[in-house]
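In: build me a model from this:
(one chain, ligands or ions: 3)
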Amino acid sequence: MKIVNLGESNSILNKFVSELRDVNIQKDSLRFRRNIERIGEIMAYEISKDFAYSQKDIQTPLGIAPMYTPDDRIVISTILRAGLPYHQGFLSYLDYAENAFVSAYRKYKDRLNFDIHIEYIASPRLTEKTLIITDPMLATGSSMELAYEALLTKGHPSHIHVASIIASKQAMEYLQRKMPDDKTTIWIAALDDELDDHSYIIPGLGDAGDLAYGEKE
Ligand SMILES: O=P(O)(O)OC[C@H]1O[C@H](OP(=O)(O)OP(=O)(O)O)[C@H](O)[C@@H]1O
Ligand SMILES: O=c1cc[nH]c(=O)[nH]1
Ligand SMILES: [Mg+2]
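Out: Ligands and ions are numbered 1, 2, ... in the order given. Now for the predicted structure:
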């Protein structure tokens, strides 16, 4: 598995990530969702550099322009809820992609311990396609692991890109063990050191789903 941390080099991406983290700016849920979406657009652009390209002759009003365009058959997938604005950002640039959705939620056994439950999946066939799995947060990595396993029941993608925004070191180590093959690349914008007792990323940004869509019961 290959890991790319796009936050390691200076770009406007880091401004959007700092706005997501900022305890005052993140209160504006419209801006929070839009920043996630903008990061999705940037990541889609970066990941597109890994696609396979071939030359096509494009008819302009005045002649033929030889252009290299992607040949990958792309499926963008996301994990509900916090993944929704991220998914939309990817889809804005990769507008011809197919789409898949998976639900995952933490079902608490007591105050600190939980299992992840997957109850919903809607996906096209994935065999020989390029699968992008988007989720802004990788805390323990369990939601991503289970969504990945659920999606792989729909076929064998030729390449898998896992796209996140903030990942914990623990999640990256965990996913490296769960996704060992060389056809998986993980793209992140920031790598944080710790998890707290509730498995929230420290410093992280808080609860991405709640900040985007409001608190749950
Ligand atoms: O790596 P993990 O420990 O599994 O945590 C990460 C998950 O937590 C968030 O979703 P959450 O469960 O909060 O659901 P929500 O998006 O509906 O709020 C996030 O979007 C991931 O799916
Ligand atoms: O830090 C975390 C962990 C799980 N889910 C979030 O939204 N944030
Ligand atoms: Mg949440």
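In: I42 versus the nearest residue to K107 once chain neighbours are set aside, what's the distance?
Out: Leaving aside its chain neighbours, K107 sits nearest to H117 (5.0 Å; criterion: C-beta to C-beta, 6 or more residues apart in numbering). Yep, even glycine has a C-beta here, placed from its N, CA and C like the rest. H117 sits 31 Å away from I42, going by C-beta to C-beta, to the nearest Å.
In: residues contacting the closest residue to ligand 1 within the chain?
Out: In the chain, the residue that lies nearest ligand 1 is G209 (1.9 Å; C-beta to the nearest ligand atom). Listed by C-beta atoms under 8 Å, 6 or more residues apart in numbering, the contact partners of G209 are R81, A82, K216.
In: can you verify my assumption that the second one contacts M137?
Out: If I follow you right, that is A82. Yes. Judged on C-beta atoms under 8 Å, A82 makes contact with M137 at a distance of 6.4 Å.
In: just to revisit the earlier point, how about the host helix or strand of the residue of the chain closest to ligand 1: buried residues?
Out: Applying DSSP states H and E as the criterion places G209 in helix 208-213. By 16 or more other C-beta atoms under 10 Å, the buried positions in helix 208-213 come out as A208, G209, L211, A212, Y213.
In: check contacts around the fourth one.
Out: This means A212. Applying C-beta under 8 Å, 6+ apart, one finds that A212 lies in contact with S29, F32, R33, I36, R81, A82, L84, P85.
In: among the residues you listed, which are in reach of ligand 1?
Out: R81, A82 (C-beta under 6 Å from any ligand atom).
In: any chance of the contacts of A212 in JSON lines, plus pLDDT, secondary structure and neighbour count?
Out: Formatted as JSON lines, the contacts of A212 follow (pLDDT from 0 to 100; DSSP: H, G, I helix; E, B strand; the rest coil; neighbours: other C-beta atoms under 10 Å):
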{"residue": "S29", "pLDDT": "98", "secondary structure": "helix", "neighbour count": "13"}
{"residue": "F32", "pLDDT": "98", "secondary structure": "helix", "neighbour count": "21"}
{"residue": "R33", "pLDDT": "98", "secondary structure": "helix", "neighbour count": "20"}
{"residue": "I36", "pLDDT": "98", "secondary structure": "helix", "neighbour count": "26"}
{"residue": "R81", "pLDDT": "94", "secondary structure": "coil", "neighbour count": "17"}
{"residue": "A82", "pLDDT": "96", "secondary structure": "coil", "neighbour count": "23"}
{"residue": "L84", "pLDDT": "98", "secondary structure": "helix", "neighbour count": "19"}
{"residue": "P85", "pLDDT": "98", "secondary structure": "helix", "neighbour count": "23"}
